[in-house]
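Participant: this is the structure alone, sequence omitted:
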């Protein structure tokens with residue numbers, strides 16, 4: 001086992017790394033000039049106090065905590081394996097609760113928790129291609145949760161003008177400070193309560209397509225060639 005993995009798996013190590021990570025995320029956000037595209041999309045749900053299922057790709061999660069207004073409850077689904085524990089600690093330092101599990105690898109307990117959380121009026125954020133891909137292909141977990149909880153799927157993406165594309169499975173986008181940034185909201189997707197297998201698959205494909213569309217839009221607005229699905 002590498003030294004880094006040993007540090008990440010230790011409580012003391014994660015505490016230090018999460019403090020550094022959260023500090024970096026705050027610094028990047030604070031030094032970036034942000035714009036919002038279709039920011040009115042979630043406003044009606046916030047105004048009505050309705051829970052929603054916010055969906056974004058795994059490679060764009062770094063600055064996503066800042067898209068959500070303070071004072072509005074939200075939990076984020078994070079894998080409880082590997083680096084997920086460190087990400088959960090960082091997210092916690094940014095004021096967001098987490099649900100341990102995965103939307104793409106089993107996760108029956110996580111699915112039940114997502115449904116109960118949504119039904120209680122608390123929104124949930126998920127990465128439909130996490131925790132291990134394939135990149136920018138949506139698993140069905142978020143769609144099932146949305147149907148059973150009666151909550152809409154809200155695609156959203158972001159991009160920054162200064163970034164480094166890592167060589168990870170998801171081509172993680174490490175945002176750099178002193179940049180321009182954009183949050184792009186997609187069209188809400190409702191899942192019929194009586195949807196059968198064919199309709200559920202159609203919704204999953206619609207979610208995947210919309211997430212790829214808004215991600216490409218965000219990249220182009222910041223002057224980048226869009227990141228392609230695996």
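Facilitator: Noted; the coordinates are in hand. A quick note: this is a predicted structure, and the numbers were derived from the prediction, not measured.
Participant: contacts, neighbours, all on C-alpha from now
Facilitator: Will do.
Participant: quick one: low-confidence parts of the protein?
Facilitator: Within the chain, the ranges that satisfy pLDDT under 70 run 1-9, 11, 80-82, 102-107.
Participant: now do the helices in it.
Facilitator: Counting by DSSP state H, residue ranges of the helices within the chain are 3-9, 11-30, 43-48, 84-93, 108-119, 141-149, 197-221.
Participant: would a markdown table of those helices with mean neighbour count and distance to residue 163 be doable?
Facilitator: Shown next, in a markdown table, are those (neighbours: other Cα atoms under 10 Å; distance: least, Cα to Cα, whole Å):
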| stretch | mean neighbour count | distance to residue 163 |
| --- | --- | --- |
| helix 3-9 | 13 | 23 |
| helix 11-30 | 17 | 11 |
| helix 43-48 | 11 | 29 |
| helix 84-93 | 20 | 19 |
| helix 108-119 | 19 | 32 |
| helix 141-149 | 22 | 28 |
| helix 197-221 | 19 | 11 |
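Participant: redo those as TSV? Include distance to residue 175.
Facilitator: Listed next are these as TSV, based on distance: least, Cα to Cα, whole Å:
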stretch	distance to residue 175
helix 3-9	22
helix 11-30	7
helix 43-48	26
helix 84-93	16
helix 108-119	29
helix 141-149	26
helix 197-221	12
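Participant: so which of these comes closest to residue 68?
Facilitator: Across these, residue 68 has its closest neighbour in helix 43-48 (10.2 Å, Cα to Cα).
Participant: longest strand of the chain?
Facilitator: In the chain, taking DSSP state E as the definition, the longest strand is strand 153-160.
Participant: other SSEs contacting that strand?
Facilitator: Applying 3 or more Cα pairs under 8 Å, 6 or more residues apart in numbering; DSSP states H and E, we find strand 153-160 packed against strand 53-55, helix 141-149, strand 180-185, helix 197-221.
Participant: okay, angle between it and strand 180-185 too, please.
Facilitator: 170 degrees (axes from the mean of the first three to the mean of the last three Cα atoms, to 10 degrees).
Participant: other residues contacting strand 153-160?
Facilitator: Identification of contacts with strand 153-160 by Cα atoms under 8 Å, 6 or more residues apart in numbering yields 42, 52-57, 60, 64, 142-143, 146, 175-176, 179-191, 207, 210-211, 214-215, 218-219, 222.
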